[in-house]
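Enquirer: Task: produce atomic coordinates for the following.
(chains A, B, C and D)
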Number of protein chains: 4
Amino acid sequence: MILILKPNLSPDSLECQKLLNHLSSLPNIELRIHHEQGIEQSLTEIHLIGHTAALTVEEMKRLPGVGQVVRVSERYRVLGRHNGDHRPTHFTYQGIRFSQDSLNVFAGLCAVDTRENVELMMRALRDNEQVCTRMGAYKPRTSPYSFQGRGKGCLPYVFELAGKYGIKVIAMEVTHESHIEEIHEALNITGNATGVMLQIGTRNTQNFELLKSAGRQQEFPILLKRGFGINLDESLHAAEYLASEGNRKVIFGLRGMKTNIGDPHRNFVDFAHVSVVKQLTHMPVCIDPSHSVGTRSSGPEGILDIMHVTAQGIVAGANMVLVDFHPEPARALVDGPQALLLKELPYFLEDVQIAWEAYEKRIALNRRYLN
Amino acid sequence: MILILKPNLSPDSLECQKLLNHLSSLPNIELRIHHEQGIEQSLTEIHLIGHTAALTVEEMKRLPGVGQVVRVSERYRVLGRHNGDHRPTHFTYQGIRFSQDSLNVFAGLCAVDTRENVELMMRALRDNEQVCTRMGAYKPRTSPYSFQGRGKGCLPYVFELAGKYGIKVIAMEVTHESHIEEIHEALNITGNATGVMLQIGTRNTQNFELLKSAGRQQEFPILLKRGFGINLDESLHAAEYLASEGNRKVIFGLRGMKTNIGDPHRNFVDFAHVSVVKQLTHMPVCIDPSHSVGTRSSGPEGILDIMHVTAQGIVAGANMVLVDFHPEPARALVDGPQALLLKELPYFLEDVQIAWEAYEKRIALNRRYLN
Amino acid sequence: MILILKPNLSPDSLECQKLLNHLSSLPNIELRIHHEQGIEQSLTEIHLIGHTAALTVEEMKRLPGVGQVVRVSERYRVLGRHNGDHRPTHFTYQGIRFSQDSLNVFAGLCAVDTRENVELMMRALRDNEQVCTRMGAYKPRTSPYSFQGRGKGCLPYVFELAGKYGIKVIAMEVTHESHIEEIHEALNITGNATGVMLQIGTRNTQNFELLKSAGRQQEFPILLKRGFGINLDESLHAAEYLASEGNRKVIFGLRGMKTNIGDPHRNFVDFAHVSVVKQLTHMPVCIDPSHSVGTRSSGPEGILDIMHVTAQGIVAGANMVLVDFHPEPARALVDGPQALLLKELPYFLEDVQIAWEAYEKRIALNRRYLN
Amino acid sequence: MILILKPNLSPDSLECQKLLNHLSSLPNIELRIHHEQGIEQSLTEIHLIGHTAALTVEEMKRLPGVGQVVRVSERYRVLGRHNGDHRPTHFTYQGIRFSQDSLNVFAGLCAVDTRENVELMMRALRDNEQVCTRMGAYKPRTSPYSFQGRGKGCLPYVFELAGKYGIKVIAMEVTHESHIEEIHEALNITGNATGVMLQIGTRNTQNFELLKSAGRQQEFPILLKRGFGINLDESLHAAEYLASEGNRKVIFGLRGMKTNIGDPHRNFVDFAHVSVVKQLTHMPVCIDPSHSVGTRSSGPEGILDIMHVTAQGIVAGANMVLVDFHPEPARALVDGPQALLLKELPYFLEDVQIAWEAYEKRIALNRRYLN
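Expert: Predicted coordinates for the structure are as follows:
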């Protein structure tokens, strides 16, 4: 059960303290407090965990300071949608809104290789009015003998160039808690020239210790990729590890499921789950067409499969796209075969726009139909 | 290797007979002749099977009567796309064009239950200017103790009502070769009031004897559903069983793959393969959103997942949609939970239209970009 | 609900007729009668289908002629194990007992190619005191352009040679109902020199029309292979199609599941389900190590994986083994890479014996432990 | 390419230094040195990584100090079996031999709950002459709101009780690098009363940072569980992360694969891969029947499925068994439904013994047959 306190009621206030004293006396109930400091107002939630069946919503609503009461189901306590639950489905980072109603494209390098390529990428983004990107510094690879990413060494020039070209958010995978600190420091050194969205990859979806570390900091929002080999429910529970530690700026990423029935695509594209995740949770949903498809194959019209599945995700309401580009795919150190060319960027963005407009028309049609 | 003869050259002509005589003398080569009688012209193909590596395209092109020569790869000899292969990707049935460039919606009853419901469905279709439908008379069910469909008994009234309401093609599953004959007879009795597209379901994708029977007739086009538990390549090979027996009016149907990683959907939606099938073969591609999703769940905007995945299939170029409706889903004998309501038909069709227009814009954008 | 009549009570007897009259008057209950004519006694069962919840076991037991009453769950009505259900788990065919307590090895040719190879195989079997074999005449193949089996043409010499070498039962796949008749006729022509167990392969597990045809005859027992792409429950329901039509001489075959997580084996070996099938149903369980493993790879000790998984199936109680041999695997037309050599037959049989003795010791240990 | 130096040749010796100097001068070759200090002798390997194609085995064999040269394939450089590779397939820890030829049973608690239960378990083990066990202190759970294990708090009494009852090795899962240090310290405090085998679970199979940490220490051997959702090849590559950091005391664990086609078992039992892993690598192979099966269901003979699959793993050569027991399964905090009872321990061990003897007979038969 979640008690959402009246806006701007501080956890330190007398009213809140009295409330907490009372709640602490309830038998078999544990309390967790979550405080969110927004720009205009602050919001405090008290989560009651344990034998809450004995409590009624009405009884709780009557307590001083309590604004709203949500009886949560067992599943996805913090991030899930529950009956009568009007909590927000968005957050803002670096001035950019991430929500279940918005769309942000993160085109960039799967793996940072050279400063030159980073700059070519950033410039192309700026020239196409993009303010987000993806840049992989830490790369988890199947074999220990494969290239493992440039690591923290590349962070300073990546961040500096981001600042130079007006990039506000970089999605960047981390595979160890120390990477978070390394990113924090490198950002500091470059005068916080840009922002970072921590990305947790599919191999670490159930690396709960890494999730806890990422969830304990609130500086960076987090993109959690769905795990392969587990079902959707388990991946959504993994997102709760982030939220239960205090960070709710979480985006959930679909990237295809590993199974040979998805052949000839690299993974079985799972973007039909876009609306499912939005229905079950408050999280905006990201799609990763590059890793899902994994090749530059195209249909008979000449349109790349990567672009077809991007359109499929967006026409059903995806809120973020993570997509690989590279100045010279043939020389990319990781996943070259799936990278788009820099000259394809404006075309890609225009194709995204067509799908997004179709989604908006579908929303309008639905509203008209429901009335 | 396929020799496509000059148009209107009859297999009985002297020129063709001489050609056949010559080809018969080639060592280790077996011949198969395929003759297609169109409205305006006829087309004859001679397929050379066996040790064709020894033959050159140039040599074959010089033979009298030969118009075009296609060296086929081993995969999908008849239905596959091969290098330099400009064979058509469409056919016409009952005046309706089925192609890789067109879109036809087959809304209807998963299983015929009563004459009243069939009529309600047909009338709703006519009122919405639809000329195709789906009607299940023979239902394969997991348990022998479940309702197995009305069988041939319902065919007369189904066909008669179709004629009454201007329906030109009914997609109808067959599970035994005798059903084809039963359908043929019932159509005859009703004065061929309508047409039928034979549907072969996912449980029978590799029921090769049924495929051969369906392939041996050329009266009805065939919708072959993808098999679950096998990969795409194997399902496409199954389609070849139809074509190798002589029937190329084949549409390939995607209906989701059976695996729990698709939960909470009934099946794992596989519409990302729309463009793959179109690239590998000449077949138009059908999507079945009802069986893929299997429920009436909807996203936070209130749009049904069935409609989301329909839009996803179409925005990537799907050519046919098979979708379940029912006047009273709660009383449907089969798959009620996934049926749309009759009153949702115009809304569904309008939503389909939005996605199709987006697809057309994407095609236009691609052409502009490539030039 | 199943009423098992007193032994030797004929369905035509007055007592039985009176019983049927009474049962027919029960509201919302449909009757199915199953009569099994054994050598020493006959057994009649009356299946009550429909609203049986209103009936009590005691009430039914009091009816004249009724010996035993079994309230069946919904699942696997005929073949399933139900509470208080002591129906037999065996049958006899050609003097050979097939049961959940016995073991029969069916070594033979995956596909019949030449009369010489059939004779070499049969002779090797006789020399090793084997009376069962497998011989494939009708082969379902992924591509229509692959070898499809010798068909009915080979049946006469296969059956004749079987008779010559004392083979009593041949497991033989059928893919169309006409094959059953062809086998019946060819057996007749050769003076019923041997017997046949019809085999229904994994591609046809849910080819319900074929199952019904096979189930309607009681001359031949049936080996039903588990279907890939469906779960175990659905495959067991498929076996019910055979039984509900009247044939209960059914053996259930495990042959590995098609998924790349089974790599490098051809299929994911599923022999852990041996005891599950025996627990859920009355069917003896067959394992097919050749198709499961699909290669002649071996462990570091030099023991073939095919032999390892055979031992695994048997040590847990498998009742039948279907295994591919070939005089010259390199020249086999189908599945050569997985065939054992004729000279390996005595070794294979001895290895099987070791595992079977271990299973018997495990049974004895369990009895000792439970007491 | 691996150069195995002559026994007892120290890396610091002049001969070795000269060799290294020479090797360092080879173009495009990187060196890694691995030194193993055994009780009776030491062994040094020099791994050449990079463009080794230019080098010949003969040339390398002629270099001073070099005893054996192994040209490794790309896969599983350190742990893999390569042509002409006679490196050992065993190691010793706490006086116990772990090898591809031995069998060790680790019966114990899935999750430590109370000191009483730990003591009951340990006593039962001693009474049955067992010197190994499993004890879970750190439990990764799908939901952050589930019991997460007793953590380091329980280590002192677990280790102390192990010492008291003569347990020499405890398999214990770690989910964070800090756990290794915590275990090390707690062992120290209890005077190293016992030993620990670090266990890395299926959710962390590709948590490469954890693997690197575990691989960097050589105090504890490591049991790496196979990952679900990835294929066997990828899991074996993960083991290389341990070895490439220096720790080769690695056991590979099979625990079933997560897919609904394994139903009604919790996971799809994958013990057919026992011989595959032994063939591809030098690692002993562990099976985890408890997590594979996940229930106490039993076949018609009354033998638990958990015991059936244990016998299946062992009869094919498994070298280690990880199995859950609990004094009161109904009150276990984690995975109670799959736990065996303490009174079943002697029965379980006897059943294991039957399967192991069958395996030994099969080995002997194979030797006889090959000669």
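
Enquirer: ok, the residue of the stretch 1-150 of chain A found nearest chain B - contacts?
Expert: Taking C-beta to the nearest C-beta, chain B has its nearest neighbour within the stretch 1-150 of chain A at A:Q100, 6.4 Å off. All C-beta atoms are positioned from the backbone trio N, CA, C, and that covers glycine. Taking C-beta atoms under 8 Å, 6 or more residues apart in numbering or on different chains, we find A:Q100 in contact with A:89-90, A:278, A:282-285, A:317, A:319, B:300.

Enquirer: for the residues you listed, which one is nearest chain D?
Expert: A:M283 (15.6 Å).

Enquirer: right, and the closest one touches A:V250 too?
Expert: Yes. Under the criterion of C-beta atoms under 8 Å, A:M283 makes contact with A:V250 at 5.5 Å.

Enquirer: Need the residues touching each of those two.
Expert: A:79, A:239.

Enquirer: Pick out whichever of the two has more residues nearby.
Expert: A:M283 (29 against 26; other C-beta atoms under 10 Å in any protein chain shown).

Enquirer: Give the closest residue to the more buried one in space, chain neighbours not counted.
Expert: By the measure of C-beta to C-beta, 6 or more residues apart in numbering or on different chains, the closest residue to A:M283 outside its immediate chain neighbours is A:F252, 4.4 Å from it.

Enquirer: How about A:F159?
Expert: A:T190 (4.3 Å).

Enquirer: could you pull out the strands for chain A?
Expert: A:2-5, A:29-37, A:42-50, A:66-70, A:90-93, A:96-99, A:104-108, A:132-134, A:169-173, A:195-200, A:222-225, A:250-254, A:285-287, A:320-324 (DSSP state E).

Enquirer: Format those as TSV; extra columns: distance to C:L341.
Expert: Formatted as TSV, the strands of chain A follow (distance: least, C-beta to C-beta, whole Å):
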stretch	distance to C:L341
strand A:2-5	69
strand A:29-37	67
strand A:42-50	65
strand A:66-70	69
strand A:90-93	67
strand A:96-99	64
strand A:104-108	57
strand A:132-134	56
strand A:169-173	52
strand A:195-200	52
strand A:222-225	49
strand A:250-254	50
strand A:285-287	53
strand A:320-324	50
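
Enquirer: Looking at the ones you listed, which is nearest to B:L349?
Expert: Proximity to B:L349 (C-beta to C-beta) singles out strand A:285-287 among the strands of chain A, at 26.9 Å.

Enquirer: by contact count, what packs against that closest one?
Expert: Using 3 or more C-beta pairs under 8 Å, 6 or more residues apart in numbering or on different chains; DSSP states H and E, the elements in contact with strand A:285-287 are strand A:250-254, helix A:274-280, helix A:305-315, strand A:320-324.

Enquirer: Just name the most buried of the ones you listed.
Expert: Among these, ranked by average contacts under mean count of other C-beta atoms under 10 Å in any protein chain shown, first place goes to helix A:305-315 (a mean of 29).

Enquirer: and it, average pLDDT?
Expert: Mean pLDDT, computed over helix A:305-315, is 98.

Enquirer: That helix packs against which elements?
Expert: Using 3+ C-beta pairs under 8 Å, 6+ apart: helix A:305-315 touches strand A:285-287, helix A:289-293, strand A:320-324, helix A:345-370, helix B:274-280, helix B:305-315, helix B:345-370.

Enquirer: Kindly present those as TSV, with separate columns for distance to B:N128.
Expert: As requested, the helices and strands packed on helix A:305-315 are exported to TSV (distance: least, C-beta to C-beta, whole Å):
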stretch	distance to B:N128
strand A:285-287	32
helix A:289-293	34
strand A:320-324	35
helix A:345-370	14
helix B:274-280	24
helix B:305-315	16
helix B:345-370	5
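
Enquirer: Which of the ones you listed sits closest to A:R203?
Expert: helix A:289-293 (11.9 Å).

Enquirer: May I have that closest one as PDB, with CA atoms only?
Expert: What follows is helix A:289-293 as a C-alpha-only set of coordinates in PDB (Å, rounded to 0.1, in the frame of the first residue of the first chain):
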ATOM      1  CA  PRO A 289      15.900  -1.900 -33.600                       C
ATOM      2  CA  SER A 290      19.600  -2.400 -34.300                       C
ATOM      3  CA  HIS A 291      20.200  -5.200 -31.800                       C
ATOM      4  CA  SER A 292      16.900  -6.700 -32.600                       C
ATOM      5  CA  VAL A 293      17.400  -7.100 -36.300                       C
END
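
Enquirer: which helices and strands sit right next to that helix?
Expert: helix A:305-315, strand A:320-324.

Enquirer: anything in the least confident helix or strand in chain A by mean pLDDT near chain D?
Expert: Here the helix or strand of chain A ranked lowest by mean pLDDT, DSSP states H and E is strand A:29-37, holding a mean of 81. No. Using C-beta under 8 Å from any C-beta of the partner chain, strand A:29-37 never reaches chain D; the gap is at least 9.8 Å.

Enquirer: Could you list the paired strands of that strand along with their orientation?
Expert: strand A:42-50 (antiparallel) (DSSP bridges).

Enquirer: who touches the strand it pairs with?
Expert: A:1-5, A:7-11, A:16, A:19-20, A:23, A:26, A:28-36, A:55, A:77-78, D:145.

Enquirer: One more: stretch A:9-28?
Expert: A:3, A:5, A:29, A:31, A:33, A:35, A:42, A:44, A:46, A:48, A:50-51, A:55, A:63-66.
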